[in-house]
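**Q** Any chance you can model this:
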Amino acid sequence: MTIKHLKRLLIIVGILIVFKVTANDKSGEIIKDQTKGIEDTTSNGASKKVFEKLFKEEHAESKGLINIHKIEDKLYFEIPTSIFGRDMLLGSTVSETSDNGNVIVGSKPLAPILVNFSMENEKVLLNKVINNSITLPSDTNISNAIDKNHMGAIMALFKVETYNPDSTAVVVDVTNFFKSDNTDLTTFDRSSEYASMGEQTNIFQQERSFITEFKSFGDNLFVRSSLSYNTTVKGRRGNLFTDKPYTVIATRSFLLLDEKPYNYRIADYRIGVFNSGKIMFSDKGNKAKDLHFAHRWRLEPSDIAKYKKGELVEPIKPIIFYMDSDFPEWWKPYLKEGIERWNDAYEEIGFKNAVKVVEFPKDDPEFDPDNIKYSCIRYAPIKVENAMGPSWVDPRSGEIINASVYVYHDVIKLLNN
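**A** Purely as a prediction, here's the structure:
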C-alpha cells in the first residue's frame, strides 16, 4: 500500500472514530434535595482560629470550585456549603502507566459517577446516585416515592476539621480518598491486553502510593495520584507473571454540572445513536413506560434570528477535539481533516464550524488532557489494530460532556488489511 492510500485511510478512520464516539454506559438521574440543613455550631471567631492554625504555615494550594490545600502529605478540600446538593460528575483518567498492557494513557476505564456532597452530623458525605426513574413535575406523590426509593449511597465520608473564617465552607481531609484503591475509579481496563489473556489479580500497595498534583478551576478540579500495585495474570497454562510491580498515574476529576440540565431528546429507534434508559412512572396509564434519552452534544445557535432565517451560524459552544501532540506528525493533518468533515453534516442543520480539531495547547494554563472537561484524541503506542471512542454524558439528560478517542498504532495495519 502506498503512502497516498494510507493518508486516505487515515481520513476515513477519523470520520469513523468520531461517528462512534458517543458510546457510554447507561446511568440515571440524581435525586434532588438530599442535603439536610447545615448547622454551624462553631462561632466565627473559633472557626477562624482553627482554620488559621491548620493553615498557618506556607503550603501548596489552588483556589477555584473547591479550594485545595496540601500540607506535607495531607490533602484538604475547602468545600463551599453553596455547592452541597449540586450535581457533579466524578471520573478517573489514566495520565501515565508503567505498562500499557493494563491500560493506555488517556483511557477512562469506567463511565463517570453522578455524585453530590452533603453534610450531616459534622460529617461531609460524598453521595453516589444511580436513578433511572423519572416522573412528570405534576406527579408530586410519585416524585416523593422515587426520592425515598433512590437515596444516594455514601461513597465516602469525611470528618469536618473546621470551617473557614466566615463559615461559608467546611474543611475536610481527603487524603485517603485519593491515595487508596477505589473500584468506582479503577485504573484497570477490563478490555486491556492482559485482561484478555486470563484472570488478573491486582494487589494495591498503599505504602508506594501518594498524591502528586492538584488544580482547581471555576467549575472543575482534579487530583492526580501515583498508585502502585502488584499484578498477577493467570493464563490457561499457569501464571503469565506473578506479583509484577505496576504503577499508574491517575487523574480524578470533579466537574460541576449545570443546575438546569440540557433539554433531553427521546431516542428514535430508526436512527443509530447511543442512549440512556429511563423508566417513566405516571398516574396516567396502566403501567410504567420505558424511555431512552439520545446522547447528543449541546449545540445552540449563537444568533437565533439568523438561524431562524435559515442562515448558517456558529454554535455558542462548538464541539472541540484536542489532538494529542504525540501523534506521528504525518498523521495529524489527515485525522483533523477526517474529523472536521462532519461540518458538512452539521451545515445541513444550520451550523457552521460546529466541529473543530486543535492540537494540545501549550500556552493555556487551564488545559489538561486528562481533565474530563476536555474531549481529546489520544495516540496509543501499542500493537492493537483498532481505534475506539467512548463518551461521558450527563445522565440526567443525555448531553455529551466528554468524548475520548483512542487511536492505537496498528490501526494502520488494520486499514491496510
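**Q** can you give me the helices in the stretch 201-350 of the chain?
**A** Counting by DSSP state H, counting those that start in this stretch, one finds helices in the stretch 201-350 of the chain at the ranges 304-308, 332-340, 342-347.
**Q** For the first one, list every residue counted as buried.
**A** Of all the residues in helix 304-308, those buried under the rule 16 or more other Cβ atoms under 10 Å are Y307. C-betas here are computed from N, CA, C, even on glycine.
**Q** hmm, who's touching that helix?
**A** 301, 313, 350 (Cβ atoms under 8 Å, 6 or more residues apart in numbering).
**Q** Return the set of buried residues in stretch 280-296.
**A** Counting neighbours by 16+ other Cβ under 10 Å, one finds that the buried residues in stretch 280-296 are 280-281, 291-296.
**Q** among those residues, which are in strands?
**A** Using DSSP state E, the members of the buried residues of stretch 280-296 that fall in strands are 280-281, 291-294.
**Q** among those residues, which two are most distant?
**A** For these, the maximum inter-member distance is 20.9 Å, found between F281 and A294 (Cβ to Cβ).
**Q** for the ones in strands among the buried residues of stretch 280-296, which one is nearest I382?
**A** When these are compared for distance to I382 (Cβ to Cβ), A294 wins out at 32.4 Å.
**Q** what bits of the stretch 101-250 of the chain have low per-residue confidence?
**A** Nowhere does the stretch 101-250 of the chain drop to pLDDT under 70.
**Q** Give me the longest strand you can find in the chain.
**A** Secondary structure assigned by DSSP E gives strand 238-256 as the longest strand of the chain.
**Q** Count the residues that sit near the closest residue in space to L257 that isn't next to it in sequence.
**A** Leaving aside its chain neighbours, L257 sits nearest to D87 (4.3 Å; criterion: Cβ to Cβ, 6 or more residues apart in numbering). Applying other Cβ atoms under 10 Å, we find 22 residues neighbouring D87.
**Q** Next up, the contacts around D87.
**A** Neighbour list for D87: 30, 114, 116, 256-257, 259, 394, 396 [criterion: Cβ under 8 Å, 6+ apart].
**Q** Show me the strands in the stretch 1-150 of the chain, by range?
**A** 60-62, 67-71, 74-80, 88-97, 113-120, 123-128, 133-135 (DSSP state E, counting those that start in this stretch).
**Q** Ok, which of these comes nearest K332?
**A** Nearest to K332 among those is strand 88-97 (21.6 Å), distances taken as Cβ to Cβ.
**Q** need the strands for the stretch 151-300 of the chain, in chain order.
**A** Ranges of strands within the stretch 151-300 of the chain are 153-163, 169-173, 199-204, 210-216, 220-235, 238-256, 275-281, 289-294, based on DSSP E, counting those that start in this stretch.
**Q** Ok, the stretch 301-417 of the chain next?
**A** Using DSSP E, counting those that start in this stretch, the strands assigned to the stretch 301-417 of the chain run over residues 319-323, 355-359, 375-380, 387-388, 391-394, 399-408.
**Q** any chance of those in JSON lines, with mean pLDDT and mean neighbour count too?
**A** Converted to JSON lines, the strands of the stretch 301-417 of the chain look like this (pLDDT from 0 to 100; neighbours: other Cβ atoms under 10 Å):
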{"stretch": "strand 319-323", "mean pLDDT": "96", "mean neighbour count": "20"}
{"stretch": "strand 355-359", "mean pLDDT": "97", "mean neighbour count": "16"}
{"stretch": "strand 375-380", "mean pLDDT": "93", "mean neighbour count": "24"}
{"stretch": "strand 387-388", "mean pLDDT": "86", "mean neighbour count": "19"}
{"stretch": "strand 391-394", "mean pLDDT": "90", "mean neighbour count": "25"}
{"stretch": "strand 399-408", "mean pLDDT": "91", "mean neighbour count": "23"}
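**Q** most packed of the helices of the stretch 201-350 of the chain?
**A** Of the helices of the stretch 201-350 of the chain, the one with the most neighbours on average (mean count of other Cβ atoms under 10 Å) is helix 332-340, at a mean of 19.
**Q** That one vs strand 399-408, what angle?
**A** Angle between the axes of helix 332-340 and strand 399-408 is 150 degrees (criterion: axes from the mean of the first three to the mean of the last three Cα atoms, to 10 degrees).
**Q** pretty sure F177 contacts L185?
**A** No - using Cβ atoms under 8 Å, F177 is not in contact with L185; the gap is 9.3 Å.
**Q** Just give me the neighbour total for F84.
**A** Neighbours of F84 under the rule other Cβ under 10 Å: 19.
**Q** right, so of the strands of the stretch 301-417 of the chain, which gets closest to Q205?
**A** Nearest to Q205 among the strands of the stretch 301-417 of the chain is strand 375-380; the distance by Cβ to Cβ comes to 25.5 Å.
**Q** Just the residues contacting the closest one, thanks.
**A** If you take Cβ under 8 Å, 6+ apart as the criterion, strand 375-380 is touched by 17, 100, 104-106, 319-324, 326-328, 335, 339, 357, 360, 369, 402-409.
**Q** What is the burial count for the closest residue to A195 other than its chain neighbours?
**A** What sits nearest to A195 in space, not counting adjacent residues and going by Cβ to Cβ, 6+ apart, is D189, at 6.7 Å. Neighbourhood size, D189 [other Cβ under 10 Å]: 20.
**Q** i'd like the first residue to be 16 from this point on
**A** Happy to do that; since the first residue is 16 now, the last one works out to D204.
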